[in-house]
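Q: A structural model of the following input is requested.
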Amino acid sequence: MLREFVPADMLTLGNAACGAGAVFCCLQYLAESREPLYLWTAFVLLPTALLMDALDGWVARKMRRSSMLGLDLDSLADIVSFGVAPAVVGFTLGLRGGWDSLILVYFISCGISRLARFNVTAESLADGAGKVKYFEGTPIPTSIVIVAVLAAAYYTGATGDNIWGGYIFFLSMKLHPLVLIYALSGSAMISQTLRIPKP
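A: Predicted coordinates for the structure are as follows:
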């Protein structure tokens, strides 16, 4: 199977590896008495995943060589790095109330749905040259903005129940209002009215 991979695919796998590494760093942070190095490593790995995600498309176009696995491989890598990993970072920093967990699951589900829709509709949205002109809904890598917000919160010491916005109880479950940025991001991803020009 490895012989079928092209250089762009290796970058895509690098994207997935960065996302998985960020998840493991968060787990290690929770297991090792909140050692900051682990969380800062996660914060560095996710922008690195974004860089690799951008480079894989550039390399594929430059070399005019892509594999049959390319599109699906890219989507699977993206859900790890820009869906699961940002949700795990939020959970790690304190978004662990009942409503928080439901919203984080919603966010991941939206990311999966958005990527599946793109894979199914990419051909019909393409122009004569086979290039997709726009995204329906925001692309999942935009979740890197959430990661940046959480990095800033962590830098200021705003974690746990002291995370920006604090928390409230709603219908007997804890909700940290900051988690609503995940709900907004997820909803924007699955929107059919938002059309983002594709570079």
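Q: Check the residue nearest the centre of the chain and give its pLDDT.
A: Most central residue of the chain, judged by C-alpha distance to the mean C-alpha position with C-alpha atoms, centre = their mean, is residue 82 at 1.0 Å. pLDDT recorded at residue 82 is 98.
Q: so how far is residue 134 from it?
A: Residue 82 is 19 Å from residue 134, where distance means C-beta to C-beta, to the nearest Å. Quick note: C-beta positions are derived from backbone N, CA and C, even for glycine.
Q: same thing with residue 53?
A: 18 Å.
Q: Looking at those two, which is more packed in?
A: residue 53 (25 against 10; other C-beta atoms under 10 Å).
Q: Grab the nearest non-local neighbour of residue 14.
A: residue 52 (4.5 Å; C-beta to C-beta, 6 or more residues apart in numbering).
Q: Go ahead and confirm residue 108 touches residue 83.
A: Yes: look at residue 108 against residue 83 with C-beta atoms under 8 Å: they come within range, at 4.9 Å.
Q: list the buried ones in stretch 150-164?
A: 150, 151, 153, 154, 158, 159, 163 (16 or more other C-beta atoms under 10 Å).
Q: try stretch 43-62
A: 43, 45-46, 48-50, 52-53, 55-57, 59-60.
Q: Inside helices: which ones of these?
A: 43, 45-46, 48-50, 52-53, 55-57, 59-60 (DSSP state H).
Q: and the gap between the residue nearest to residue 142 when sequence neighbours are not counted and residue 146?
A: Of all residues not flanking residue 142 in the chain, residue 185 sits nearest, at 6.8 Å (C-beta to C-beta, 6+ apart). Distance, residue 185 to residue 146, using C-beta to C-beta: 6 Å.
Q: same question, residue 189
A: For residue 189 relative to residue 146 (C-beta to C-beta), the value is 12 Å.
Q: Of the two, which one has the most company?
A: residue 189 (28 against 22).
Q: Give me the buried positions along the helix or strand containing the more buried one.
A: If you go by DSSP states H and E, residue 189 is part of helix 180-190. In terms of neighbour count (16+ other C-beta under 10 Å), helix 180-190 has its buried residues at 181, 182, 183, 185, 186, 188, 189, 190.
Q: Let me know the average pLDDT across it.
A: So the average pLDDT for helix 180-190 ends up being 97.
Q: packing partners for it?
A: Other helices and strands packing on helix 180-190, by 3 or more C-beta pairs under 8 Å, 6 or more residues apart in numbering; DSSP states H and E, are helix 85-93, helix 98-125, helix 144-155.
Q: 6 Å instead?
A: Applying 3 or more C-beta pairs under 6 Å, 6 or more residues apart in numbering; DSSP states H and E, we find helix 180-190 packed against helix 98-125.
Q: Run the angle between the helix it packs on and helix 144-155 for me.
A: 150 degrees (axes from the mean of the first three to the mean of the last three C-alpha atoms, to 10 degrees).
Q: Starting from the helix or strand that helix 98-125 is followed by, tell me which strands it pairs with and how they run.
A: Using DSSP H and E, the helix or strand that follows helix 98-125 towards the C-terminus is strand 134-136. In the sheet, strand 134-136 lines up against strand 195-197 (antiparallel) (DSSP bridges).
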